[in-house]
Every structure is written in structure tokens, then in C-alpha cells.
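Visitor: Need a 3D model of the sequence below.
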Amino acid sequence: MRPHAHARWFSRAGLAAALIAATCTTVVPAAAATTPSTGPRPTAGACDPADAAAVISWNEVAALSLGTDAALPAPPMGVGMAYVQAAVFNAVVGIEGGHPMYRWSAKAPKGASTDAAVAAAAHDVLLHYFPVATTRVETAYTAALLAIPDGPSKTAGVAWGRRAAAQLIASRAGDNWQGVAPPTKAPAPGVWQPTPPLFTPSLAPWMATMKPFLIPKASLVRPGPPPALTSAEYTRALAEVREIGAVGSTTRTAEQTEIARFFAGNPSVQLQGAYRDHLTRHCMSASDSAHYILVATLSGADALIATWDTKQTYQFWRPVTAIRLADTDGNPSTAADPEWTPLVNTPSFPEYISAHCTVLGAVSQAMAITYGPTLDLNIFSSVTGTTRHYDDPAVLRAEAFGARLWGGIHFRFSNRTGEIMGRLIGTWTGISLIR
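Guide: Okay, the predicted model is just below:
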């Protein structure tokens, strides 16, 4: 790790420095491909998943509501899932215990049905934030309640779940979900601009000013700026992504191309599916299952909010823009290539820092702190139609790091800085939710 990557935070509070010192051992892949673990891992032993069935099934309903019905791209979807999972978690642990509640202190009526509470909590949160998914949500809710025998337990569970949802919604009022966006910088060399092929406006800039779910504020973990356009680091990074990230690169290996394409899908859909698969293959109570998804989802949501704070603070240009307009950057060591095209279509938001690297850094770190060093995640990609298995958090982070570089959509310094910041956030969220 180059010293300056850490130094980007040295002007921050002692908290940030202390957490970075504890978390910033990282894997930075070179041009050579990492050694992947492909294919799903078999289930370890027989397990009755009935206890956690409601938690798992409502996570799937939520993911489909946000990803399909609301058609949310990965970043806002990742944040939106946190609303649902926080309410579901409180609904479950308020009945079953096992973990401290998420920013709430209350207790469910004795004998309340956990399944009814999960259904009611998820139902109310989804309809509040994503009414476009009403048909799907109401259909699932009706089916869930029909499967639970009528009686005081069911009635109490529904009432408790609705209370958990109402508390979560009230606690997040004014958090700037789909709210005010920060100002846009004037056009200049190094400043982000819409990218080919669609040249769409910046995606969800309002996320930069959202209130996080666990970290005090996004600016606390914000790194310093990207390298100057005339610096040696920027020159190296531009040359690297120009060579290995081009659609017709002769340097990138077949394995690197596969990894880049694998991570080109919707990471929020990929991760939520991997969490459900993990829970299906492991014997965990409803309380522990809700906690597992909460840790992963809230760490990812805070990583996204902090990433957008950084992206919108610096509004740095993407490689495709930097390479095509290199004759404007004031750097005599760079040259423009107006026809350069990346392997993966460039996402429509600023480059610095990498959201993939930040989110996977946060999630893998939080899960390792909370559940141990073995992830046991099967991640499926709709782009390649393949599943990759990850036990080692470092391998997951390394492949995500490589994917964004080999895909031609991020500079090395953005991946590195994003991973460090993500692991910092993961440490914070993991410690906050470890019990």
C-alpha cells in the first residue's frame, strides 16, 4: 500500500485514523488475474429453514419491488433495502430477542407471531417508500397472512410489525431520500461529464447528502481529492486503464475479461441474492437471519451514501472522458484518443471513488467482524450467467477491484481508496451491530 493512500485521511479526526490503522491491510491486484473460486458451495449438512423463511422471503419481495417494480439502479436500491431490513430486524428481535434493536427500545406483546410481524413490517415500509410495487407487495402480504392461523398471536404480530415499520419511517424522516442534490461543478478538465453511449445525467446525486444509517456522517470518512491531472500517479493510472480497460485490449486476459463482465451487473441484486442463498444453506434463527442481512445491508448502504458524498464532492471525470479529452488535461505525458471505448459501459455518475470497491470493502469487513473470516457467499451474475463462490473476503475485494479497472471504468487510485474507506465503514458498522 502506498503511503499517500492512507494520508488522504490524515487530516480527519482521530476516529478515522484509528479505524484506518485497524482495517487498511488490503489486496491490490496487479494486471495478472486473481485465482477465483467458481461455482456454488454445497450446503453443509441438513437444515430446516422454516424458522427464517419469512425473513428470507420478504427480502426477496423487497429486492424485486425495488429492482424490478421501482426499477432502481444499484446505488439507490442498496440504500432502499436498508429501510426494509432495519424494520424487519426490529420486528423480529422485538419478539425473539437475541440482539439489541436498531436504534429503538421497545418490546413486542408476549406471544406475537414473528412471521406476521415480518410481513407487516416489510409491507408497510415498502408501500411507504415504493408504492409502485403495491401489486407485488399486497399479493405477498395476503399470501403470508393466509399461511398464519388466525388468532391473538397473528393479530399481535401484525400490530407489532406495523409499529416497527412506523418507528423506522419516523426515525428516517428528513434523511434526504430522493431529496436535494448538491451543486454541479462547471465544465473543466478533470470534471465529470455525461459519458457514452447514453450521455445520461448523473445518477441520484441526492444520495450524497443523505443521513447514514450507522456512521455519524458521510463527511467523517471522506478521503482527500484524487491525484492532480499532472501528477505521476495520475499519468500511470491513466495509461494503465487505457491499455487494460479498452474494449479491444490485448493485455487483458480472458479471465480478467470474465471477472469484469461478472461484476457489470446490478451489485445490489447480486448481494441480496447471495445473502438469501447463504441463509437458506445455514441453520439460523429468524433473529440471527434478520441480523445477518441487517449487518450486510446497512454497511453497504452507509458505504453507498459515503461514496456518493465523495463522488459529488470531487466530481472527477471517468476514464473514457479523460482518455478522449487527454489533450485538455495540461499533462504533456498523456495523449488523446477520441475513439477509446471501455470494455464495460461507464456508469452515469462521477468516478472517484469506486462504489463497488467501497461497498464490498464495507460488507466484507462488517461480516468478517460479526460472523467470522469465512464469507461463504455464492454470487450470481446475470451478465455472465455464472456463479462465483467467495470464502475469503480478500479475494472478493480483489476481484471487484480488478473488475472495475479491467472493465475500463475506474482508475486504480479510486479502487484503492474506495476499498480502504469501505473497510473503515465496515469496521464501524460491524462493531456497532456485533451483538
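Visitor: Look up how far Val158 lies from the residue of the chain most remote from its centre.
Guide: Distance from the centre of the chain peaks at Gly151, with 39.6 Å (Cα atoms, centre = their mean). To Val158, Gly151 is 11 Å away according to Cβ to Cβ, to the nearest Å. In this view, the C-beta of every residue, glycine as well, is placed from N, C-alpha and C.
Visitor: can you check Ile56 too?
Guide: As it turns out, when the distance is counted by Cβ to Cβ, Ile56 lies 19 Å from Val158.
Visitor: And Thr38, what's its pLDDT?
Guide: In the prediction, the pLDDT value recorded for Thr38 is 45.
Visitor: ignore the last one, Cys283
Guide: Taken from the predicted model, the pLDDT recorded for Cys283 is 86.
Visitor: Tell me, how many residues neighbour it?
Guide: Burial of Cys283, expressed as a neighbour count using other Cβ atoms under 10 Å, amounts to 15.
Visitor: cool, Ile169 as well?
Guide: 15.
Visitor: Spatially nearest residue to it (excluding sequence neighbours)?
Guide: Beyond its immediate neighbours in the sequence, the residue positioned closest to Ile169 (Cβ to Cβ, 6 or more residues apart in numbering) is His128, lying 5.5 Å away.
Visitor: How about Asp175?
Guide: Leaving aside its sequence neighbours, Asp175 sits nearest to Lys211 (Cβ to Cβ, 6+ apart; 4.1 Å).
Visitor: Return the distance of that neighbour relative to Ala326.
Guide: Counting by Cβ to Cβ, the gap from Lys211 to Ala326 is 39 Å.
Visitor: okay, those two: which has more neighbours?
Guide: Set Lys211 next to Ala326 and count neighbours by other Cβ under 10 Å: Ala326 wins out with 21 against 17.
Visitor: need the contact list for the more buried one.
Guide: Ala326 makes contact with Leu238, Thr334, Ala335, Ala336, Asp337, according to Cβ atoms under 8 Å, 6 or more residues apart in numbering.
Visitor: Now with 10 Å, please.
Guide: Under the criterion of Cβ atoms under 10 Å, 6 or more residues apart in numbering, the neighbours of Ala326 are Pro189, Leu229, Leu238, Arg242, Ser333, Thr334, Ala335, Ala336, Asp337, Pro338, Trp340.
Visitor: quick one: it and Arg276, what's the gap?
Guide: Counting by Cβ to Cβ - Ala326 and Arg276 are separated by 44 Å.
Visitor: Just say helix, strand or coil for the residue nearest to Asp175.
Guide: Under DSSP: H, G, I helix; E, B strand; the rest coil, Lys211 falls in the coil class.
Visitor: can you pull the contacts of it?
Guide: Neighbouring residues of Lys211 by Cβ under 10 Å, 6+ apart: Ser171, Arg172, Ala173, Gly174, Asp175, Asn176, Trp177, Lys217, Ala218, Asp302, Ile305.
Visitor: And Pro73, by the same measure?
Guide: Contacts here follow Cβ under 10 Å, 6+ apart; on that basis Pro73 touches Gly67, Leu203, Ala204, Asn266, Ser268, Pro347, Ser348, Phe349.
Visitor: Now name the helix or strand holding the nearest residue to the third one once chain neighbours are set aside.
Guide: When you say that, I think you mean Ala204. Of all residues not flanking Ala204 in the chain, Pro76 sits nearest, at 5.0 Å (Cβ to Cβ, 6+ apart). Take DSSP states H and E as the rule and Pro76 turns out to sit in helix 74-96.
Visitor: Averaged pLDDT, that helix. What do you get?
Guide: Rounded mean pLDDT across helix 74-96 is 98.
Visitor: helices or strands next to it in the packing?
Guide: In terms of contacts (3 or more Cβ pairs under 10 Å, 6 or more residues apart in numbering; DSSP states H and E), helix 74-96 is packed against helix 53-64, helix 114-129, helix 152-171, helix 267-280, helix 286-314, helix 355-371.
Visitor: swap the cut-off to 6 Å and go again
Guide: In terms of contacts (3 or more Cβ pairs under 6 Å, 6 or more residues apart in numbering; DSSP states H and E), helix 74-96 is packed against helix 114-129, helix 152-171, helix 267-280, helix 286-314.
Visitor: Using a markdown table, lay out those together with mean pLDDT.
Guide: Supplementary listing: the helices and strands packed on helix 74-96 in a markdown table, determined by pLDDT from 0 to 100:
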| stretch | mean pLDDT |
| --- | --- |
| helix 114-129 | 98 |
| helix 152-171 | 98 |
| helix 267-280 | 97 |
| helix 286-314 | 98 |
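Visitor: So which of these is nearest Arg103?
Guide: Checking the helices and strands packed on helix 74-96 against Arg103 by Cβ to Cβ gives helix 152-171 as the closest, at 6.2 Å.
Visitor: Please identify the buried residues of that closest one?
Guide: Residues 153-154, 156-165, 167-168, 171 are the ones in helix 152-171 that count as buried (16 or more other Cβ atoms under 10 Å).
Visitor: next helix or strand past that helix?
Guide: Reading on from helix 152-171 to the C-terminus, the next helix or strand found by DSSP H and E is helix 232-244.
Visitor: Name the residues that touch that next one?
Guide: Taking Cβ atoms under 6 Å, 6 or more residues apart in numbering as the criterion, the residues outside helix 232-244 that touch it are 227, 251-252, 319, 322-323, 333-334, 406, 408, 411-413.
Visitor: With stretch 58-70 instead?
Guide: 72, 77, 80, 84, 118, 122, 126, 130, 132-133, 136, 140, 269, 272, 276, 293.
Visitor: Can you mark which positions in that stretch are buried?
Guide: Within stretch 58-70, the residues that qualify as buried by neighbour count (16+ other Cβ under 10 Å) are Trp58, Asn59, Val61, Ala62, Ala63, Leu64, Ser65, Leu66, Gly67, Asp69, Ala70.
Visitor: Then stretch 330-347?
Guide: Counting neighbours by 16+ other Cβ under 10 Å, one finds that the buried residues in stretch 330-347 are Asn331, Thr334, Trp340, Thr341, Pro342, Leu343, Val344, Asn345, Thr346, Pro347.
Visitor: Now Arg388: phi and psi?
Guide: When read as degrees, to the nearest 10, the backbone of Arg388 gives phi -120, psi 140.
Visitor: Quick check: pLDDT value at it.
Guide: As predicted, Arg388 sits at a pLDDT of 98.
Visitor: can you check Cys357 too?
Guide: 98.
Visitor: Name the nearest residue to it, ignoring sequence neighbours.
Guide: In space, not counting the residues next to it along the chain, Cys357 is nearest to Gly418; the distance is 3.7 Å by Cβ to Cβ, 6+ apart.
Visitor: what helix or strand is that neighbour on?
Guide: The secondary structure element spanning Gly418 is helix 412-432 (assigned by DSSP H and E).
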